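A.B. asks: with the input below, show me the fold.
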Amino acid sequence: MGQKGEAKRVQIVKAANDLFYKQGFGATSFADIAKASGLPKGNFYFYFPSKDSLLNAVLDDRVQSLQSKLQSFEHNYATPRERLLRLAEMPIKDFENITRYGCPMGSLSSELGKCCEELETRTIEMFDVLKNWIAGQLTEMGQSPAASQATARHILTTMQGAALMAYTYGDPVWIEDTVAHMKATIAAL
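C.D. replies: As a prediction, the model looks like this:
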């Protein structure tokens with residue numbers, strides 16, 4: 001695939017990613033994605049033979065974006081505590097979308113778990129990237145590997161719970177309070 005073809009493929013994935021987040025996977029059609037991407041629907045089948053293959057590309061993109069963000073924390077912050085504090089702040093930067101649509105990872109996982117179990121297993125990859133990175137930071141801070149995994153699960157559960165409650169109530173205070181609590185907890189580690 002040439003540069004022009006790859007650019008179109010990226011354009012489709014970007015539009016699908018946004019629509020899957022805001023409308024849901026099941027409610028998003030190729031026609032919706034065509035309109036959002038500005039590309040004819042017929043082009044999609046050249047790049048993605050099915051909606052499931054497009055979803056896999058979206059999940060690959062989300063995993064890669066998350067890994068890039070976590071790598072930037074590694075590069076920009078000297079200590080694992082600083083990195084974890086930056087992670088805790090991430091929902092603040094996107095609180096409007098989270099309050100309106102929920103967590104991009106959590107909402108997609110929940111939707112796919114109800115209709116497409118074989119695809120839902122792919123969403124676990126996103127959570128594993130985050131959970132394992134958190135555990136790595138905690139291990140670097142001196143926690144045992146078992147304690148690091150347990151604490152990472154707790155942090156991830158707390159983040160997902162805050163996103164769900166902010167979405168449910170339409171109120172970002174759930175995120176703000178949770179971020180403040182997480183930052184205090186991380187600072188005390």
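
A.B. asks: residues in contact with the helix or strand bottoming out on mean pLDDT in the chain?
C.D. replies: Using mean pLDDT, DSSP states H and E, the weakest-scoring helix or strand in the chain turns out to be helix 41-47, at a mean of 84. With contact meaning CB atoms under 8 Å, 6 or more residues apart in numbering, helix 41-47 is reached by 5, 8-9, 12, 30-31, 33-34, 54. For glycine as for every other residue, the C-beta is placed from the backbone atoms N, C-alpha and C.

A.B. asks: out of those residues, flag the one nearest to residue 188.
C.D. replies: residue 54 (43.6 Å; CB to CB).

A.B. asks: quick one: mean pLDDT for the host helix or strand of the closest one?
C.D. replies: Using DSSP states H and E, residue 54 sits within helix 51-76. The average pLDDT within helix 51-76 is 95.

A.B. asks: same for it, what does it pack against?
C.D. replies: Contacts defined by 3 or more CB pairs under 8 Å, 6 or more residues apart in numbering; DSSP states H and E place helix 51-76 against helix 3-22, helix 80-93, helix 117-140.

A.B. asks: mind listing what's buried along that helix?
C.D. replies: Buried residues in helix 51-76, counted by 16 or more other CB atoms under 10 Å: 51, 54-55, 57-59, 62-63, 66, 70, 73.

A.B. asks: just stretch 23-35 next, same as before
C.D. replies: Applying a neighbour-count criterion of 16+ other CB under 10 Å, one finds 24-25, 28, 30, 32-34 buried in stretch 23-35.

A.B. asks: how about TSV for the buried residues of helix 51-76, with distance to residue 87 added?
C.D. replies: Output for the buried residues of helix 51-76, formatted as TSV (distance: CB to CB, whole Å):
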residue	distance to residue 87
51	32
54	29
55	26
57	26
58	22
59	20
62	16
63	16
66	11
70	8
73	7
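
A.B. asks: domain-wise, how is the protein divided?
C.D. replies: If you go by automatic domain parsing, the domain ranges for the chain are 1-49, 56-188.

A.B. asks: looking at the ones you listed, which has the lowest confidence?
C.D. replies: Among the domains of the chain, domain 1-49 has the lowest mean pLDDT, at a mean of 90.

A.B. asks: and the residue nearest the centre of the protein?
C.D. replies: The chain has residue 105 as the residue nearest its centroid, 4.1 Å off, counting by CA atoms, centre = their mean.
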